[in-house]
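K.L.:
show me how the following folds:
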Amino acid sequence: KDGCGSCLRADSLRSGDLVYSPTLRRLVTIVATTRQLLIDAPMCFLEKPFHDGLWITFEHPVCMPQNNWVRPTTLAATRRKTMTVCNFVLSEGGSYMANGWPVLSLGDNAAAGISPIHPCYHRFWGAQPVIDHFRKEPTWPDVELDPCVWREEEVV
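P.N.:
Sure thing, here's the model as predicted:
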């Protein structure tokens with residue numbers, strides 16, 4: 001949300017902006033952003049009362065009540081879709097709100113309460129290596145990645 005309480009599109013956010021972290025129950029700073037066009041990627045559409053719904057990659061964890069992190073495939077069918085996806089590295093908290101859904105940010109699963117033995121933990125996307133990888137991009141901290149054509153063998 002902006003300073004007036006209006007919701008903002010994820011693709012309009014940049015490093016230095018603030019987002020709400022449900023983990024900490026307060027605003028946190030976006031350290032970095034990523035954007036990438038995914039072509040024919042497996043996506044899930046998650047509905048939420050009083051919200052527009054959320055298109056999210058099939059493997060990107062979302063939080064249910066009682067801090068129960070799950071993959072979107074447990075909540076919705078997977079459909080192939082071409083769209084730009086955005087994600088964020090946060091100063092703290094490990095999660096942010098996206099159309100009413102708490103979702104994990106890049107590089108800090110531990111801050112959101114996801115331990116290395118949790119089924120949603122990811123040793124690259126949820127830990128420091130992803131941040132180190134994106135820091136090498138010339139557009140850091142607002143990383144624009146090349147388009148990616150999804151291949152069937154990438155679906156795990």
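
K.L.:
tell me where the protein has strands.
P.N.:
Applying DSSP state E to the chain gives strands spanning 18-21, 26-46, 54-57, 62-64, 68-70, 78-90, 95-98, 101-104, 142-144, 148-149.

K.L.:
and the fifth one, what does it pack against?
P.N.:
Applying 3 or more CB pairs under 8 Å, 6 or more residues apart in numbering; DSSP states H and E, one finds that strand 68-70 makes contact with strand 62-64. Placement of C-beta: from N, CA and C, glycine included.

K.L.:
give me the mean pLDDT for the strand it packs on.
P.N.:
Strand 62-64 shows a mean pLDDT of 93.

K.L.:
got the contact list for it?
P.N.:
Applying CB atoms under 8 Å, 6 or more residues apart in numbering, the contact partners of strand 62-64 are 22, 46, 54, 56, 69-72, 75, 95, 101-104, 112.

K.L.:
can you do 7 Å?
P.N.:
Defining contact as CB atoms under 7 Å, 6 or more residues apart in numbering, one finds that strand 62-64 is touched by 22, 46, 56, 69-70, 72, 95, 101-103.

K.L.:
same deal with stretch 68-78?
P.N.:
42-46, 56, 58-64, 114, 118, 120.

K.L.:
and the closest residue to residue 84 other than its chain neighbours, how far from residue 127?
P.N.:
Spatially, and ignoring its direct neighbours in sequence, residue 84 is nearest to residue 37 (5.0 Å; CB to CB, 6 or more residues apart in numbering). From residue 37 across to residue 127, the span is 25 Å (CB to CB, to the nearest Å).

K.L.:
do the same with residue 32
P.N.:
Using CB to CB, we find residue 32 at a distance of 15 Å from residue 127.

K.L.:
between these two, which one's more packed in?
P.N.:
Using other CB atoms under 10 Å as the criterion, residue 32 and residue 127 rank with residue 32 on top: 23 against 17.

K.L.:
tell me how far the ends of stretch 17-24 are from each other?
P.N.:
17 Å (CA to CA, to the nearest Å).

K.L.:
buried residues in it?
P.N.:
Residues 18-23 are the ones in stretch 17-24 that count as buried (16 or more other CB atoms under 10 Å).
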